[in-house]
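A.B. asks: Mind folding the following:
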Amino acid sequence: CGGRFDKRDLVRVVRTPQGDVQLDLTGKMAGRGAYVCHDPACLQKARKKRAFERALEVTISDAVYDRMEAELNNAKWLSMLGLARRAGKLAMGHDLALQSVRDGKAQLVLTARNASPRLVREFETAGQKRAKAPRMRALPCTIDEIHFALGYRAGVLTVEDAGFAARIEELLQQEEKEWS
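C.D. replies: Numbers count the residues shown, from 1 in each chain. Modelled structure (predicted):
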C-alpha cells in the first residue's frame, strides 16, 4: 500500500541465515528483513511485484507466499493479543490467568490447542463459580506458537478488556470461516 506506519504496526518478512523466507511476528529473528502492513492485499501486491524477492535477494516459491498469507491472517488476532498485552489487559500463564478469572476480571479465556484437558476443565470450573463466567475459546495455535508470537510461554491467557475480547473473538471467527 506504500503507507507510512510505525515499525511495531508492520509485519516483518525475513530471509533467515539458512535461506528460508518466513513471517517474523516478533520482529527479532536473525536475517535480512522487509516489512508489510497487516492487510493481506498488500502482501498480494508485494507478491505480484516480487518486492520481497528484490529486497531479500532470494527467489520465493508460491508455496512460501501461500504459507505467509495464511500466517498473516493468523497474525491479525495474534496482533490484537499483542496490543492487549501492551495495554496491560492480558494475563498470561496459569497462575495469573486463574487469578484473573477468580477476581472476575477475565472477559475471555484462551487456551492453546495443545493445552491439557485438565487445564481446560480447571478454568471452566473456576469460571462457573463466577456470577458472569468468562467465555472460553481454544486457540488454533500451540503453546510454542504463543511463545513465538507473544514472547511468553503460556498454555492459557485471559483477556481482561471487553473490547479486546470481542475483537479477538471476531477475528478468530473470521479465520474459522476462511478455513472451512
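A.B. asks: how far out from the middle of the chain is the lengthiest helix in the chain?
C.D. replies: Determined from DSSP state H, the single longest helix within the chain is helix 62-86. Computed by Cα atoms, centre = their mean, to the nearest Å, the separation of helix 62-86 from the middle of its chain amounts to 6 Å.
A.B. asks: Note down every partner strand of the next helix or strand after that helix and its orientation.
C.D. replies: The element immediately downstream of helix 62-86 (helix or strand, assigned by DSSP states H and E) is strand 90-92. Paired strands of strand 90-92, with direction, are strand 156-159 (antiparallel) (DSSP bridges).
A.B. asks: in this protein, which residue is closest to the centre?
C.D. replies: Nearest to the mean C-alpha position of the chain, by Cα atoms, centre = their mean, lies Leu78 at 1.7 Å.
A.B. asks: Quick check: buried residues in the host helix or strand of Phe123?
C.D. replies: Take DSSP H and E as the rule and Phe123 turns out to sit in helix 117-128. Within helix 117-128, the residues scored as buried using 16 or more other Cβ atoms under 10 Å are Leu119, Val120, Phe123, Ala126, Gly127. Heads up, the C-betas are built off the backbone N, CA and C, glycines and all.
A.B. asks: What does the pLDDT read for the first one?
C.D. replies: Looking at Leu119, its pLDDT stands at 96.
A.B. asks: do you know how far it is from Thr59?
C.D. replies: As judged by Cβ to Cβ, to the nearest Å, Leu119 and Thr59 stand 43 Å apart.
A.B. asks: So which elements touch the helix holding Phe123?
C.D. replies: Contact here means 3 or more Cβ pairs under 8 Å, 6 or more residues apart in numbering; DSSP states H and E; on that basis helix 117-128 packs against helix 94-102, strand 108-111, strand 135-138.
A.B. asks: what's Ala154 in contact with, if anything?
C.D. replies: Met92, Gly93, His94, Ala97, Ala112, Ile143, Ile146, His147 (Cβ atoms under 8 Å, 6 or more residues apart in numbering).
A.B. asks: switch the cut-off to 7 Å
C.D. replies: Taking Cβ atoms under 7 Å, 6 or more residues apart in numbering as the contact definition, Ala154 lies against Met92, Gly93, Ile143, Ile146.
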